[in-house]
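Return atomic coordinates for the entry below.
(chains A and B)
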Amino acid sequence: MHGRTLLAKIWDQHVIAQVSDDTDLLHVDRHLLHDLGGSRGLIDLKNRNIPVHNPELTFATPDHAISTASGRAGTIKTGWELLAALRTETSASGIQLFDLDQPGQGIVHVIGPELGLSLPGCLIVCGDSHTCTHGGLGALAFGIGSSELAHVLATQTIIQRRPKTMRVNFDGKVPFGVTAKDLILTLIGHVGAAGGTGYAVEYAGSAIRDMPIEGRLTICNLSVELGAKMGLIAPDDKTFDYIRGRPYAPKGEMWARAVAAWRTLRSDSDAVFDREVTIDVGTIIPQITWGTSPEHVLGVDGRIPDPQDIADPARRGAIEIALDYMGLKPGAPIAGTPVDWVFIGSCTNSRLSDLRAAAEVARGRKVAPGVRAWVVPGSETVKRDAVAEGLDRIFTEAGFEWREPGCSMCLAANGETVPPGQRSVSTSNRNFIGRQGPRARTHLASPAMAVAAAVSGAIADVRTMER
Amino acid sequence: MPQPFTKLSAIAAPIMRTNVDTDVIISINRMIGNSVRGSLGKWAFGSLRYQPDGSDNPAFILNREPYRAAQILVTGPNFGCGSSREAAVWALQEMGIRALIGSGFGDIFFANCFQNGILPVVLDKTTIDSLAAEIEASQGAGRLGVDLEEQTVTSPSGVRHSFEIDPRRRAGLLEGLDEISLTLRRDEAIRAFQASDRTARPWIHFAE
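This is a model prediction of the structure:
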């Protein structure tokens, strides 16, 4: 009999009934709604005359379709309609809405941890694939579709097949200029965009233990980009320090009880995983994607792949399509590729620590002529904290636009797009075809790397700029 | 409630690219608003299907005969990766797709298929490649058979391949079951769980 994994411990605590051999009916502790699908789910339920099972465990905020321009100018018609519907339906159902300009509004995956809604051992779902972000606090968190969303509203449960388990050990000391984003992009390049399909991934190792909580959220955020629906990290004292005192976190005697329970949430030393991967972080350099899948990634000192070097015809064909879309020359160095746009934001990299890292490089420098560069904080609270520290001034003095919180140019659902054919360095999570707008070309990188590109006017190695 | 699925014999189109993500299956700007369902079919695979001027891209397989009438897609690895958007499945459904056959699918997309009566079949990569090759050799003329009761895929030349499927999901597709109603039959168990959980983990329930 082997020890139990972190996943198994959290999973078993949520089983209401076994549905079939490997599938369970699980209790949902936190359900997060956003403007894109939230009101639709509530309307579906209303039309069926089914009440929301536990409105007090459900929280909503607009993020996807709302403009991030000052005063929300430029919000598209459907954006306002979705917001109006979200207001009406959450109010009718007794669901807490964090509305525009209120503390608590922001990208759902930023506000969950920030408000203390996301807790270790919690089962969290949301109609958004990057729900895996909350795993950085030791939560079992995953994205669901619209039908499942309605199921959760109606029953406060989700039917799930127990995934296989993978452990990724990030061992060693993270080199200068290398961030959480670089670690997870390196892993995706290593195992591929389907390497985690069917698995829940636990991230472990000394680099994870040494990493601040917001870096852990970034790591878990990109779990879905390696195909895994869930990524998680065992909670530790850093996690508890991060959560303590947040608005919805347990308090007083309840806090002590909760922490005692959370301390048991770790994989036993003799736990066995279905797959194990170890990455020596000491060899990692800042990463940048060149293609149209997050697995199309290389070190910033690398060269763009040449399809002629690839024997496998399917892989060669995929690289040819990606290079054609991206307008890149095979075999050329990736550094020095001119850029038109820089986007700092998204549920991957819009937290206060991300903005601090970006400001550190931006301070005293200027965005290169011809480049448009945006900074979009992840939440109203991040925005206020950044302003209190003067980060907004560093950005605006350097020529960046300082915006209102939301998803913005990550998926461009709100009409904020990179124009056709233009090249963007983005701190977001997806470089898919058309993701940032029709025919937009996206390179994923860390916030510091994004600033390096903005001030250089081209993809650049941030290590030559960091102080 | 999902449309039931039992068996199908239909034209199949191979879309063998790796990592076809849900943004490619349906672009976000085609799926915002409250009335998208019913209007997504013509926007499925928009970036591949249409040229920048809006005309059909003749190089894209679903723009060619007989593939225009395909009800089955044979797919490359990691089809449906990326976003959780269920509109990707609606878009496929609205363009007439009832089954997908591939070596692996994005986890959330895979679950969304079952919610909408689309059968995603997983077979090994060698079998997928041979099915795609056979379809291409016949220029799409041969029909592919998918039988959920028998759990088989039959190639245009008559080669039968068995596939595995979660029995619960199989039953759900065969009968077109409504999951919400089924789960609400267990509401006593849900409420009993919550009552004991309020004692075990009161902080989850915001209890004092």
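
tell me which element the residue nearest to the spatial centre of chain B falls in.
Nearest to the geometric centre of chain B sits B:Cys113, at 3.9 Å (C-alpha atoms, centre = their mean). Here B:Cys113 sits within helix B:107-115, counting by DSSP states H and E.

residues in contact with stretch A:267-275?
A:2-6, A:8, A:164-167, A:199, A:202, A:204, A:234 (C-beta atoms under 8 Å, 6 or more residues apart in numbering or on different chains). Heads up, the C-betas are built off the backbone N, CA and C, glycines and all.

Distance from the chain centre to that stretch, please.
On the basis of C-alpha atoms, centre = their mean, to the nearest Å, stretch A:267-275 sits 26 Å off its chain's mean C-alpha point.

Show the average pLDDT along that stretch.
Regarding stretch A:267-275, the rounded mean pLDDT is 97.

Pull up the distance across it, start to finish.
The first and final residues of stretch A:267-275 sit 14 Å from each other (C-alpha to C-alpha, to the nearest Å).

for stretch A:334-345, same thing?
Across stretch A:334-345, first to last residue, C-alpha to C-alpha, it's 23 Å.

got the buried residues for that stretch?
Buried positions in stretch A:334-345, judged by neighbour count with 16 or more other C-beta atoms under 10 Å in any protein chain shown: A:334-335, A:337, A:339-345.

you'd agree A:His109 is in a helix?
Yes - assessed with DSSP: H, G, I helix; E, B strand; the rest coil, A:His109 lies in a helix.

if I look at it, how far off is chain B?
Counting by C-beta to the nearest C-beta, to the nearest Å, the separation of A:His109 from chain B is 12 Å.

quick one: pLDDT of that residue?
98.

neighbours around it, how many?
34 (other C-beta atoms under 10 Å in any protein chain shown).

The one 10 residues further on too?
Neighbour count of A:Leu119, defined by other C-beta under 10 Å: 28.

So which residues on the stretch 151-300 of chain A come close to chain B?
Within the stretch 151-300 of chain A, the positions adjacent to chain B are A:151, A:154-157, A:159, A:161, A:163, A:193-194, A:197-198, A:224, A:227-229, A:248-250, A:254-255, A:257-258, A:261, A:293, A:295 by C-beta under 8 Å from any C-beta of the partner chain.

Give me the buried subset of the residues you listed.
Buried among these by 16+ other C-beta under 10 Å: A:151, A:154-157, A:159, A:161, A:163, A:193-194, A:197-198, A:224, A:227-229, A:248-250, A:255, A:258, A:261, A:293, A:295.

Quick check: buried residues in the worst-scoring helix or strand of chain A on mean pLDDT?
Least confident helix or strand of chain A, by mean pLDDT, DSSP states H and E, is helix A:313-326 with a mean of 92. Within helix A:313-326, the residues scored as buried using 16+ other C-beta under 10 Å are A:316-319, A:321-323, A:325-326.

Then stretch A:391-402?
Buried, per 16+ other C-beta under 10 Å, within stretch A:391-402: A:391-392, A:394-395, A:398-400, A:402.

Which single one of the buried residues of stretch A:334-345 is nearest to A:Leu83?
Lowest distance from A:Leu83 to those (C-beta to C-beta) belongs to A:Gly345, with 19.2 Å.

The closest one is in contact with A:Val375, isn't it?
Yes - the criterion here is C-beta atoms under 8 Å, and A:Gly345 meets it with A:Val375 at 6.8 Å.

name the helices or strands packed onto whichever helix or strand comes after the least confident helix or strand of chain A?
Going down the chain from helix A:313-326, the next helix or strand is strand A:341-344, by DSSP H and E. With contacts defined as 3 or more C-beta pairs under 8 Å, 6 or more residues apart in numbering or on different chains; DSSP states H and E, the packing partners of strand A:341-344 are helix A:352-362, strand A:372-375, strand A:423-426, helix A:447-456.

Could you spell out the sheet neighbours of strand A:341-344, each with its direction?
With DSSP bridges as the test, strand A:341-344 is paired with strand A:372-375 (parallel), strand A:423-426 (parallel).

Pick the most buried one from these.
strand A:423-426 (a mean of 28; mean count of other C-beta atoms under 10 Å in any protein chain shown).

what residues does that strand touch?
Contacts for strand A:423-426 (C-beta under 8 Å, 6+ apart): A:288, A:327, A:337-343, A:346, A:409-410, A:418, A:436, A:440-445, A:449-450, A:453-454, A:459.

Give me the ChimeraX select line for those residues, limited to the buried ones.
Filtering those down to the buried ones (16+ other C-beta under 10 Å) takes a single ChimeraX command:
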select /A:288,337,339,340,341,342,343,346,409,410,418,436,440,441,442,443,444,445,449,450,453,454,459
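
Of all the strand elements in chain A, which one is longest?
strand A:164-171 (DSSP state E).

What is that strand packed up against?
Packed next to strand A:164-171, using 3+ C-beta pairs under 8 Å, 6+ apart, are helix A:180-191, strand A:199-204, helix A:206-210, strand A:275-280.

Please repeat the previous calculation with a cut-off of 6 Å.
strand A:199-204, helix A:206-210, strand A:275-280 (3 or more C-beta pairs under 6 Å, 6 or more residues apart in numbering or on different chains; DSSP states H and E).

Which positions in the second one come out as buried?
Applying a neighbour-count criterion of 16+ other C-beta under 10 Å, the buried positions in helix A:206-210 are A:207-208.

okay, the helices and strands packed on strand A:164-171, which one's buried deepest?
It is strand A:199-204: most buried of these by mean count of other C-beta under 10 Å, with a mean of 27.

Appreciated, that's everything.
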